[in-house]
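J.: next comes the sequence, and after it the predicted model I'd like to discuss.
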Amino acid sequence: MMKRVYSVGQVNGYIKNMFAQDFLLKKIRISGEVSNCKYHSSGHIYFSLKDETGTIAAVMFAGNRRQGLKFRMREGDHVVVDGSVEVYERDGRYQLYAREIALDGAGALFLRYEALKKELAEMGMFAPEYKRPIPKYISRLGVVTAPTGAAVQDIRNISHRRNPYVQVILYPAQVQGDGAAESIVNGIHALERLGVDTIIVGRGGGSIEDLWAFNEEIVARAIFDCRIPVISAVGHETDTTIADYVADLRAPTPSAAAELAVYDYSRFRELTLTMKAALGIRMREHISRQRQKQEQMQARLALRNPETVLNNKKQYLADLEEKLQQKMERKIDRYRHKIEVLSERVDAGSPVKKLNQGFAFVTDKNGKRITGAGQAAIGDEVTLRMSDGALRASVTEVEINE
């Protein structure tokens, strides 16, 4: 009996019909990791889906992209593809024809995260001008986190180590799962009503699903509207949530949040003592300068005191009077000495003295002095004045010495 021979096309067509008749393959949803992703110039997208067990080729035609793809698909994305598995007759291979593609799990959450982040940023909730400064010195610290776990213990330990006088008030919130966002919001409101100085909102690290409560809009709005400064401390240093963007200050970890919120008392005490010593030195120097200035002012005031000025003037007048007296006495002494010298000279040439010594003062009859024998002639009448009187005589003889 002769066996029937089929062509390649017949076999591929048969297999295609088998796939087409399978209801499951007509509308199927497959999850996997994207690889070999290529965007064709025609608008089609060619890619493969893979997991740890195998790979399937896939294509999304340009006509399905507008409605079926809401993000830019990249290598390594975990996606869920809705479509059908059919045989491409020409190549004799089957592939997945995608109608809709969505990010799987964390990827979908990431899209929600990016969308909310963009919306809140456009509303200005991340703007730096709305950030309140964190008080430097606080007495009461509010904490919104789970009552158990490393986060609250780290905050308590570091707060006590830095300043044992700061009171830590915990609001035991649910930070993961259904109702977590509402619990965090209630904690913020409760601590705000209590009037603490600063609030830390946070938890330890985890996946995006674990941290999702801190990406909810109601939590972001509660932090933004809170009148008390809020420090976000969600996850590890690499984790970033919406709460981090809207908070007044972002701490990479809960431990770092405690460091930022609570001042170091020991350092503050050392700084205070240092400043006290420096202030003491400056005060003493200032007092010394002011005392010297006061003494100078007192000296100036003493010099300008009316009584002092009057006494100085009196003293000055007394000194002038003494100097004048001394000058007058010296001048009188000089004139007295001069008078004595002149007196001696006058006395030496005094006619009276000469008359007392036996000389006479001779005048003619007209009273004119006769100083020589040649001024008189025989018969002239002359008068001879002496110390005790006068004699009138007549010249009887004239004798002239040669």
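T.: Yep, that arrived. Numbers count the residues shown, from 1 in each chain.

J.: the strands in the stretch 151-300 of the chain, which residues?
T.: Taking DSSP state E, counting those that start in this stretch to define them, one finds strands in the stretch 151-300 of the chain at 167-172, 198-203, 230-234, 249-250.

J.: could those go into CSV alongside distance to I56 and mean neighbour count?
T.: C-beta coordinates here come from the backbone N, C-alpha and C atoms, glycine included. Shown next, in CSV, are those (distance: least, Cβ to Cβ, whole Å; neighbours: other Cβ atoms under 10 Å):
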stretch, distance to I56, mean neighbour count
strand 167-172, 48, 16
strand 198-203, 39, 28
strand 230-234, 38, 27
strand 249-250, 43, 20
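
J.: CSV for those, including mean pLDDT?
T.: Formatted as CSV, the entries for those read as follows, by pLDDT from 0 to 100:
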stretch, mean pLDDT
strand 167-172, 96
strand 198-203, 95
strand 230-234, 94
strand 249-250, 94
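
J.: kindly reformat the ones you listed as a markdown table containing distance to K331.
T.: Formatted as a markdown table, the entries for the strands of the stretch 151-300 of the chain read as follows, by distance: least, Cβ to Cβ, whole Å:
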| stretch | distance to K331 |
| --- | --- |
| strand 167-172 | 99 |
| strand 198-203 | 97 |
| strand 230-234 | 100 |
| strand 249-250 | 97 |
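
J.: V81 in helix, strand or coil?
T.: Secondary structure assignment for V81 (DSSP: H, G, I helix; E, B strand; the rest coil): strand.

J.: number of nearby residues for I56?
T.: When neighbours are counted by other Cβ atoms under 10 Å, I56 registers 15.

J.: and it, what element?
T.: Using DSSP states H and E, I56 sits in strand 55-60.

J.: partner strands of that strand and their direction?
T.: If you go by DSSP bridges, strand 55-60 pairs up with strand 45-50 (antiparallel), strand 93-103 (parallel).

J.: would you single out the least confident of the ones you listed?
T.: Per-stretch averages of pLDDT across the strands paired with strand 55-60 put strand 93-103 at the bottom, with a mean of 89.

J.: for stretch 51-71, measure first residue to last.
T.: Its first and final residues considered, stretch 51-71 spans 21 Å by Cα to Cα, to the nearest Å.

J.: mind listing what's buried in it?
T.: 58-60, 64-65, 68-69 (16 or more other Cβ atoms under 10 Å).

J.: check which residues of stretch 210-227 are buried.
T.: Of the residues in stretch 210-227, those buried (16+ other Cβ under 10 Å) are 210-216, 219-220, 222-224, 226.

J.: among these, which are in helices?
T.: Counting by DSSP state H, the part of these found in helices is 219-220, 222-224.

J.: farthest pair in those residues?
T.: With distances taken as Cβ to Cβ, the most widely separated pair in those is V219 and F224, at 9.7 Å.

J.: low-confidence ranges in the protein?
T.: Across the chain, the stretches falling below the confidence threshold (pLDDT under 70) are 1-2, 6, 105-108, 303, 348-358.

J.: longest helix in it, please.
T.: helix 306-348.

J.: okay, angle between the host helix or strand of L141 and strand 167-172 too, please.
T.: The secondary structure element spanning L141 is strand 140-145 (assigned by DSSP H and E). Interaxial angle, strand 140-145 versus strand 167-172 (axes from the mean of the first three to the mean of the last three Cα atoms, to 10 degrees): 20 degrees.

J.: other residues contacting strand 140-145?
T.: Around strand 140-145, the neighbours that count as contacts under Cβ atoms under 8 Å, 6 or more residues apart in numbering are 151-152, 155, 159, 166-171, 173, 175, 184, 187-188, 191, 194-203, 228, 254, 258, 261-262.

J.: got the buried residues for that strand?
T.: By neighbour count, with 16+ other Cβ under 10 Å as the criterion, the buried positions of strand 140-145 are 141-145.

J.: got these as CSV, with distance to D347 columns?
T.: Listed next are the buried residues of strand 140-145 as CSV, based on distance: Cβ to Cβ, whole Å:
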residue, distance to D347
L141, 121
G142, 125
V143, 128
V144, 131
T145, 133
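
J.: between the residues you listed, which is closest to A299?
T.: Distances from A299 to the buried residues of strand 140-145, taken as Cβ to Cβ, are shortest for L141 (59.0 Å).

J.: for the residue nearest to that closest one when sequence neighbours are not counted, give its distance to E329.
T.: With Cβ to Cβ, 6 or more residues apart in numbering as the measure, V168 is the residue that lies nearest to L141, at 5.1 Å, once sequence neighbours are left out. Plainly put, V168 is 99 Å away from E329 if you go by Cβ to Cβ, to the nearest Å.

J.: in contact with the nearest residue to N163 once chain neighbours are set aside, which residues?
T.: If the residues on either side of it in the chain are set aside, N163 comes closest to Y265, at 4.0 Å by Cβ to Cβ, 6+ apart. Y265 makes contacts with 162-165, as judged by Cβ under 8 Å, 6+ apart.

J.: pull out the buried members of those residues.
T.: Neighbour counting over these (16+ other Cβ under 10 Å) leaves 162-163 as the buried ones.

J.: widest-spaced pair of the contacts of Y265?
T.: The distance between the two most remote of the contacts of Y265 (Cβ to Cβ) is 10.1 Å, for R162 and Y165.
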